[in-house]
Each structure stands twice: as C-alpha cells, then as structure tokens.
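Colleague: sequence below, structure please.
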Amino acid sequence: MGRFIMLSEVNTILGFTATHDTAILNWLPYMPGRVCAIINNYFMTGQAVVSGGDFTFTAAASIRTAEDSFVDDGNFAAGDDIFIRGTLRNDHFFILSAVTTVLMTINVNAEYAETTVIDENIETEDLWNVRINLVMFPRELKPIVANMIRYDIFDRSSKKGVQAEKIGNYSISYMKAAGLGYNYPDDVVGGLDQFTIPAVY
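Modeller: Got it, this is the predicted structure:
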C-alpha cells in the first residue's frame, strides 16, 4: 500500500523507454480521480485524518489549520498522498512535500496529483466539514493503471464510439465504467472489480 504510480513504474510495467514520457505525464494527473470514480473507492485510511472547519488554503501551495495538529492529531508525514474533500475549490488528490503541526506544503512537482492550491479560507462558523485523509493505494493497482494509460495513448482514438467488436471467433466489449463514459475494454479494467465499492443511492 502506498503511492499511486510513477512515470518510471509505468515504463517498467509496459516495457517502454523514455520515448513516451511526455504522453504518459500528460495522462498521469487524471488517473487517480478517474480510477477512484470508476470503482467508487478513494482508498482513504482512518489512521491519518483531520476534519473540521478552520483551514486556510493558499496559492503558495500550502494548507494551514487553526484547530487540529497535522502531526499529532493527523499523523501526516512528508511524502504522503492525501485526498481533500468538503472544500469549494480544493477537493483533489495532493502529495505532501513537508508537514508541520499547523502547515501542510504541497508537492508542486507531483507527477500524478494536483499541483495547484487555490486561495480559500474556511472558518469554523462557516459550518463546512473539510476532511483531509491519508490515501494508501494498493500495489495491485499499478499494472491496471499502466494499461489504462497505454490504452489512452495508443488505442482510444481508434475505438471512439465503438461498444463492441467481433473478428471471426474473437469478440471484445468496452465497459462504460459505471456510466462515466470512460469506455475502457474489459480486459484493461476488469481487474478494478476487486476494489469496487457498490454505490448506495
């Protein structure tokens, strides 16, 4: 359990050289949100979390709290992947580059997470319930995500609008991805089923 997937890992899994680095880096920031939306699972842990309504988000890539301690109460550390929800403008995955008791600093060079914080001040009397959770992605996600990226780079444009294909005795169908319109083939994203949390409406 840990990081989502890095450029070097995508290349290793797919047997790529640096030839496709730019294309992979263009897709990587979209993949955590896309995968988690498909399976309705954001891999948030209960061991490292702070919540409440007194946070200051700044474009200097920092998050400040006036209530809980990010270290003592939240158990966060540099290098952690986090997911923020309950804000107006900063509900994203981020990677931490540094943490003190009252300040989180965001990694602005992250390959697969959001790198920009938008100015936002949330005070207790606003009755917001902002939650910042540590995220631990299972290692088994990596080859699935790598193959999703491969499909996006090399196959997606040629399969646009195609729901199924049959050539002789071979047939393939394309999964709608829980109605989200991502349209990946079953053999690319079928492995995500083991991580899916059924949606409750």
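
Colleague: which strands or helices does the longest strand seen in the chain pack on?
Modeller: For the chain, the strand with the greatest residue count under DSSP state E is strand 44-52. Judged by 3 or more CB pairs under 8 Å, 6 or more residues apart in numbering; DSSP states H and E, strand 44-52 is in contact with strand 130-135. Where you see a C-beta, it was placed from the backbone N, CA and C, and this is true even at glycine.

Colleague: show me where the chain dips below the pLDDT cut-off.
Modeller: Low-confidence segments of the chain, defined by pLDDT under 70: 1, 124-127, 158-181, 201.

Colleague: residue 64: neighbour count?
Modeller: Residues lying near residue 64 (other CB atoms under 10 Å) number 15.

Colleague: can you tell me how far it is from residue 50?
Modeller: According to CB to CB, to the nearest Å, residue 64 stands 12 Å off from residue 50.

Colleague: quick one: the strands in this protein?
Modeller: 44-52, 55-58, 62-65, 81-85, 93-99, 103-106, 120-122, 130-135, 164-167, 170-175, 184-185.

Colleague: re the thing from before, so which bits of the longest strand of the chain are buried?
Modeller: 44, 48, 49, 50, 51, 52 (16 or more other CB atoms under 10 Å).

Colleague: next: stretch 185-199.
Modeller: 185, 188, 189, 192, 195.

Colleague: again with stretch 6-16
Modeller: 7, 9, 10, 11, 13, 16.

Colleague: could you dump the residues you listed to JSON lines with distance to residue 95?
Modeller: Shown next, in JSON lines, are the buried residues of stretch 6-16 (distance: CB to CB, whole Å):
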{"residue": "7", "distance to residue 95": "14"}
{"residue": "9", "distance to residue 95": "15"}
{"residue": "10", "distance to residue 95": "17"}
{"residue": "11", "distance to residue 95": "19"}
{"residue": "13", "distance to residue 95": "20"}
{"residue": "16", "distance to residue 95": "23"}
